[in-house]
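Trainee: sequence first, then the predicted structure, then my questions.
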2 protein chains.
Amino acid sequence: MIENIDAIFKHITQGVYVISVVKGNQKNAFTAAWVMQVSFAPPLICFSINPEHHSYKILQESGICCISVLNNEQYIEASHFGQSICKDKMAGFQWQKTKTGSPALADSLAYFDCKVEHYANAGDHQLVICSIVDAAILNEGNPMLYTDTQDMDNSSELYKS
Amino acid sequence: MIENIDAIFKHITQGVYVISVVKGNQKNAFTAAWVMQVSFAPPLICFSINPEHHSYKILQESGICCISVLNNEQYIEASHFGQSICKDKMAGFQWQKTKTGSPALADSLAYFDCKVEHYANAGDHQLVICSIVDAAILNEGNPMLYTDTQDMDNSSELYKS
């Protein structure tokens, strides 16, 4: 184990996103920072997901998701969707319909409505490589930076598992 | 093609990095923005590379690379290593030795000395999933944001190919 690896990783710049998944009556949304564009033509976006999360099962079944970009004031959203809440996690927030049916967070800056193309292994996570069915800018503002959330996600503990 | 996809993608927050590759007498370095952590345990880092680039061939042969994190004043480095220069591209910059032999940019904020674990397809790019042989913070400062580089890389043209 490299000393201070968590502090060194904080030099990697990431935004903060809420990714929603839906399949029939099941729906969920979770906070993610590990999201990036990976291809120009076709335009592809990739994120890394913990396969033990409830959302992963829904994602695998539906093959669709929506990535909403949080602005730099949406700490309530970043914190709420970062928690494991089994019941009505999406209640109390405004959602916007998308083409795939995975809802976009209406107050977010922009969204990417996605179709899963394939998965790739990545240690304790899985990479999800997605094509973009639709995308739009919803509101003006500046993106939240992951470093602005400090240790909201207690991620410093996760290197030890 | 989604209208304004390039402008929508600018809402995805990325840093700016110089990735160096070396194999025997061959060496190269290139600017990249599509870099992110993808796993806690083991700690893995992933980047997306254009497989037509000269560096990709070297990377495939060596299986090692070093990712240096640029600070928010290193526009000269971001621009220089973003160009296709065949001869002595790495000359004129200070490099620091690493465990794998892929050099780190001495004036960068931090580096990740990497071993390629595997590749994954990603449209016109390839994802490179790497374990971290060594990593260190080199200098104080704030990371460069990809959006700060404006259209330095002419990426708005690349969606059309």
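Mentor: Done, it's in.
Trainee: would you map the helices across chain A?
Mentor: A:5-9, A:54-62, A:75-80 (DSSP state H).
Trainee: roughly how far out does stretch A:113-132 sit from the chain middle?
Mentor: 11 Å (CA atoms, centre = their mean, to the nearest Å).
Trainee: got the CA positions of that stretch in CSV?
Mentor: Extracted C-alpha coordinates of stretch A:113-132, given in CSV (Å, rounded to 0.1, in the frame of the first residue of the first chain):
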residue,chain,number,x,y,z
ASP,A,113,-29.3,9.9,-21.0
CYS,A,114,-27.3,6.7,-21.5
LYS,A,115,-27.5,3.2,-22.9
VAL,A,116,-24.9,0.7,-21.5
GLU,A,117,-22.7,-0.5,-24.3
HIS,A,118,-20.5,-2.8,-22.2
TYR,A,119,-18.7,-3.3,-18.8
ALA,A,120,-15.1,-3.7,-17.9
ASN,A,121,-13.5,-5.0,-14.7
ALA,A,122,-11.9,-2.4,-12.4
GLY,A,123,-10.8,-3.9,-9.1
ASP,A,124,-13.6,-3.4,-6.5
HIS,A,125,-15.6,-1.5,-9.1
GLN,A,126,-17.0,-2.1,-12.6
LEU,A,127,-16.5,0.3,-15.5
VAL,A,128,-19.7,1.1,-17.4
ILE,A,129,-19.1,2.3,-20.9
CYS,A,130,-22.2,4.1,-22.3
SER,A,131,-23.4,5.6,-25.5
ILE,A,132,-25.5,8.8,-25.3
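Trainee: quick check: buried residues in it?
Mentor: A:113-117, A:119-120, A:122-130, A:132 (16 or more other CB atoms under 10 Å in any protein chain shown). For glycine as for every other residue, the C-beta is placed from the backbone atoms N, C-alpha and C.
Trainee: so which of the residues you listed reach chain B?
Mentor: Among the buried residues of stretch A:113-132, the ones lying near chain B by CB under 8 Å from any CB of the partner chain are A:120, A:122-125, A:127, A:129, A:132.
Trainee: please produce TSV containing these, extended by pLDDT and distance to B:Leu70.
Mentor: Below are those laid out as TSV (pLDDT from 0 to 100; distance: CB to CB, whole Å):
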residue	pLDDT	distance to B:Leu70
A:Ala120	98	26
A:Ala122	98	24
A:Gly123	98	25
A:Asp124	97	28
A:His125	98	25
A:Leu127	98	24
A:Ile129	98	26
A:Ile132	98	28
